[in-house]
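> Here is my input, please return the structure:
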Amino acid sequence: MTLQISATNPEHPALLLELPWHIPLEEWPEEYLVPLPRGISRHVVRYARAGEETVAAKELAERPALREYELLRTLDRLGIPAVDPLAVVTGRTEAGGSPLEPVLITRHLGGSLPYRSMFETTMRPGTVHRLMDALAVLLVRLHLTGFAWGDCSLSNTLFRRDAGAYAAYLVDAETGELHPRLSDGQRAYDIELARVNISGEMLDLEAAGALHPSIDPIAFGVEIEERYQGLWTELTRTSVYPAGKHHYMERRIRRLNDLGFDVAEMQISHSDHGDTVTFVPKVVDAGHHQRQLLRLTGMDAEENQARRLLGDLESWMATQDDYAPGDRHGARTEVLAHRWVREIFRPTVRAARDRVPARMDAAELYHELLEHRWYLSERAQHDIGLDAAVEDYVRKTAAADDTCT
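Numbering: from 1, shown residues only. The predicted model follows:
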């Protein structure tokens, strides 16, 4: 049997060839492995170094490996938060010639954690609620694209910090199915699975003493259903407005924008008597603030990070003599946005990162600096400025690190 590596990038096969494919994943030597926290999986999973990449290797049968690889590639094209598929390795054999299961290779999602690692220290209920919010948003985004997950759970999700909240990423697409559109029954099945799985995972944490005593595992399973239904209804409900009240539709679209979604296609119809207008968002795309930040600055960030950075950008632009508020989407705004990146964002991040460990991406670090500035300004009853906030943040972070060591 010949070893074969099917990859999305021509550079990856050469890098992946350095890994010991003739050894079962469970027995890979430590020299190849990267010590990162792993979630619970029905398959053997290992993190390894391939050139400059940190990759996740999952051992499973050939047919599901190839199927999941293609599903993850499709989700990537659709812009759904999921792990990035790199390759499938087939034709593996041990030194004696015995066949080994194929391996699905995905890129490690930097800055992410499985939920069990997050519960190593008891999480406050408010933080757990934010995890549920992130998972509900992910499930809604999947369903809007016609993807039935088939195994929604905390174990099959990775979480990244997102400006005080969390962003959820799909990890395991093995049971997923992509359709042109999901029926109510298909969505209900996914939600029911999510409720049961999450309640079970919370019960496991409770049994291990890792759950805050005020958290009811069963209630949290129900919560994901309630949060999902509320968001789904807001994104898809039909609105009927008095004729001529076009600002009502604009207000609905702005509300969806505030939730982080754009209305890409809509259906508007008048009643037979012409006294009412029916408005239905037909196609809703997530990532409103991400796209706006990317267009203005070229920066790619999580949705809440993008919202926070856009707020700071607009506040800064308002202090510039050549800012024209009515031209916020014009060329002049883009010039100012790139000036903000060059003169404010990058120097601020660099000033902090050069003196504290790089434990988070630039957008999250800038968010923390803005939060620290707000806290200090509230205490001082006046704006202390970013430079003073950076100095105080660095000093306190360094002191906390010294205490920990």
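> Can I take it that residue 277 is in a helix?
No. Residue assignment for residue 277, taken from DSSP: H, G, I helix; E, B strand; the rest coil, gives strand, which places it outside any helix.
> Distance of it relative to residue 245?
Here residue 277 is placed at a distance of 8 Å from residue 245 (C-beta to C-beta, to the nearest Å). Using the backbone N, CA and C atoms, a C-beta is placed for each residue, glycine as well.
> All the strands of the stretch 151-300 of the chain, in order from the start?
Taking DSSP state E, counting those that start in this stretch as the criterion, the stretch 151-300 of the chain contains strands spanning 157-162, 165-170, 177-178, 239-242, 261-270, 276-286.
> how about those strands, which one is nearest residue 203?
Among the strands of the stretch 151-300 of the chain, the nearest to residue 203 by C-beta to C-beta is strand 157-162 (17.5 Å).
> In terms of neighbours, single out the busier of residue 277 and residue 245.
Between residue 277 and residue 245, counting by other C-beta atoms under 10 Å, residue 277 is the more crowded of the two (19 against 12).
> give me every residue that touches the closest residue to residue 289 other than its chain neighbours.
Spatial nearest neighbour of residue 289, chain neighbours left out: residue 306 (3.9 Å); criterion: C-beta to C-beta, 6 or more residues apart in numbering. Contacts of residue 306 were listed using C-beta atoms under 8 Å, 6 or more residues apart in numbering, and they are 289, 290, 292, 293, 294, 299, 363.
> Swap in 6 Å and give it another go.
Neighbouring residues of residue 306 by C-beta atoms under 6 Å, 6 or more residues apart in numbering: 289, 290, 293.
> In a helix, it, correct?
Yes. The secondary structure assignment for residue 306 places it in a helix, going by three-state DSSP.
> Let the chain start at 31 from now.
Fine by me, first position is 31 from now on; the one you just mentioned is residue 336.
> My read is that residue 175 contacts residue 108, right?
Yes. Under the contact definition of C-beta atoms under 6 Å, residue 175 touches residue 108, with a separation of 5.1 Å.
> the more surrounded of these two?
Applying other C-beta under 10 Å to residue 175 and residue 108 shows that residue 175 carries more neighbours, namely 19 against 16.
> measure the residue positioned nearest the centre of the chain to residue 394 for me?
To find the centre residue of the chain, average its C-alpha atoms and take the closest one (C-alpha atoms, centre = their mean): that gives residue 197, at 3.4 Å. With distances defined as C-beta to C-beta, the gap from residue 197 to residue 394 amounts to 10 Å.
> what's the nearest residue to residue 379 if we skip its chain neighbours?
Leaving out its chain neighbours, residue 379 is closest to residue 392 (C-beta to C-beta, 6+ apart), at 4.8 Å.
> how near is that neighbour to residue 150?
Residue 392 sits 26 Å away from residue 150 when distances are taken as C-beta to C-beta.
> For those two, indicate the residue with more neighbours.
Of the pair residue 392 and residue 150, residue 392 is the one with more neighbours under other C-beta under 10 Å, namely 19 against 10.
> How confident was the prediction at that one?
pLDDT for residue 392: 89.
> surely it meets residue 381?
No. Contact criterion C-beta under 6 Å: residue 392 and residue 381 do not qualify, at 12.0 Å.
> Tell me which helix or strand comes right after the least confident helix or strand in the chain by mean pLDDT.
For the chain, using mean pLDDT, DSSP states H and E, the weakest element among its helices and strands is helix 42-46, scoring a mean of 74. Per DSSP states H and E, the first helix or strand lying C-terminal to helix 42-46 is strand 75-80.
> what mean pLDDT would you report for that next one?
On average, the pLDDT along strand 75-80 is 90.
> go on, stretch 129-142?
Confidence over stretch 129-142, taken as the mean pLDDT, stands at 91.
> neighbours of the closest residue in space to residue 70 that isn't next to it in sequence, just the number please.
Nearest non-adjacent residue to residue 70, counting by C-beta to C-beta, 6+ apart: residue 185, 4.7 Å away. Counted by other C-beta under 10 Å, the residues lying close to residue 185 total 20.
> for the one 3 residues further on, same thing?
Residue neighbour count, defined by other C-beta under 10 Å, stands at 24 for residue 188.
> measure it to residue 146 for me?
In this structure, residue 188 and residue 146 are 11 Å apart, going by C-beta to C-beta.
> swap in residue 167?
When C-beta to C-beta is the yardstick, residue 167 and residue 146 sit 21 Å from each other.
> neighbour count winner among those two?
Comparing residue 167 with residue 146 by neighbour count (other C-beta under 10 Å), the higher total belongs to residue 167, at 23 against 18.
> ok, that one to residue 254 distance?
Residue 167 sits 11 Å away from residue 254 when distances are taken as C-beta to C-beta.
> cool, and residue 202?
17 Å.
> Kindly report the same for residue 302.
The separation that residue 302 has from residue 254, given C-beta to C-beta, amounts to 41 Å.
> Determine the number of other residues adjacent to residue 39.
Around residue 39 there are 10 other residues, counting by other C-beta under 10 Å.
> residues near residue 243, how many?
Here the number of neighbours of residue 243 (other C-beta under 10 Å) works out to 9.
> For it, grab phi and psi.
For residue 243, the backbone dihedrals (degrees, to the nearest 10) come out as phi -60, psi -20.
> how far away is it from residue 97?
When C-beta to C-beta is the yardstick, residue 243 and residue 97 sit 42 Å from each other.
> just residue 399 next, same as before
With C-beta to C-beta as the criterion, residue 399 and residue 97 are 44 Å apart.
> And the pLDDT at the residue with the largest distance to the centre of the chain?
No residue in the chain sits farther from the centre than residue 303, which is 45.9 Å out by C-alpha atoms, centre = their mean. Among the per-residue scores, residue 303 shows a pLDDT of 74.
> And residue 56, by the same measure?
You'll see residue 56 listed with a pLDDT of 92.
> Residue 191 now?
According to the prediction, residue 191 has pLDDT 86.
> wait, doesn't it sit right on residue 395?
No. Contact status for residue 191 versus residue 395: not in contact, 10.2 Å apart, counting by C-beta under 6 Å.
> Of these two, which one has the most company?
For residue 191 and residue 395, the more surrounded residue by other C-beta under 10 Å is residue 191, and the numbers stand at 22 against 18.
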